[in-house]
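**Q** prediction below, plus the sequence it came from.
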Amino acid sequence: MRKRLLLPFFILLTGCATMQATNIPGQTSASLTLKADILNMINMIENAQAPGCSHKVVDTKFIGTTGNSVNEEWIVESCGKQISYPVTLTPDPKGGTYFGVKTPEKGVR
């Protein structure tokens, strides 16, 4: 019974992130799937660093490129402050894209 409950729960979580990802504002070059993955990572970080606060992405900005990688900044409103998350998107030569989300500096909150 336990295994049967986990699959619908996982699908529900994935579906929620995808729905939220369609509303990401700004200049991100991420696909819908990447937006959902990046949003999931940011949500995990926010829930760990500011467990009592609600948060949402309020802007995304193109910063530049480094080699084949695209550098972006995702701005999250959390606990009444705007927190900057550096995001890197790197194409995989075999298809797809790797992404990295840097945790904000300590003391930002």
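**A** All right, it came through fine. Numbers count the residues shown, from 1 in each chain.
**Q** contacts only, for residue 41.
**A** 99, 101 (CB atoms under 8 Å, 6 or more residues apart in numbering). For every residue, glycine as well, the C-beta is placed using N, CA and C.
**Q** could you redo the last one with a cut-off of 10 Å?
**A** 74, 85, 87, 99, 100, 101, 103 (CB atoms under 10 Å, 6 or more residues apart in numbering).
**Q** tell me how far the helix or strand hosting it lies from the chain's centre.
**A** If you go by DSSP states H and E, residue 41 is part of helix 32-49. A distance of 3 Å separates the centroid of the chain from that of helix 32-49, by CA atoms, centre = their mean, to the nearest Å.
**Q** tabulate the CA atom coordinates of that helix in CSV.
**A** Backbone C-alpha positions of helix 32-49 (Å, rounded to 0.1, in the frame of the first residue of the first chain) are rendered in CSV as follows:
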residue,chain,number,x,y,z
LEU,A,32,9.1,24.7,-19.1
THR,A,33,10.7,21.5,-17.8
LEU,A,34,13.9,23.3,-16.8
LYS,A,35,11.9,26.0,-15.1
ALA,A,36,10.0,23.4,-13.1
ASP,A,37,13.3,21.7,-12.1
ILE,A,38,15.0,25.0,-11.1
LEU,A,39,11.9,26.1,-9.2
ASN,A,40,11.9,22.7,-7.3
MET,A,41,15.6,23.4,-6.4
ILE,A,42,14.9,26.9,-5.2
ASN,A,43,11.8,25.7,-3.2
MET,A,44,14.0,23.1,-1.4
ILE,A,45,16.6,25.8,-0.6
GLU,A,46,14.0,28.3,0.6
ASN,A,47,12.2,25.7,2.7
ALA,A,48,15.5,24.8,4.4
GLN,A,49,16.7,28.4,4.9
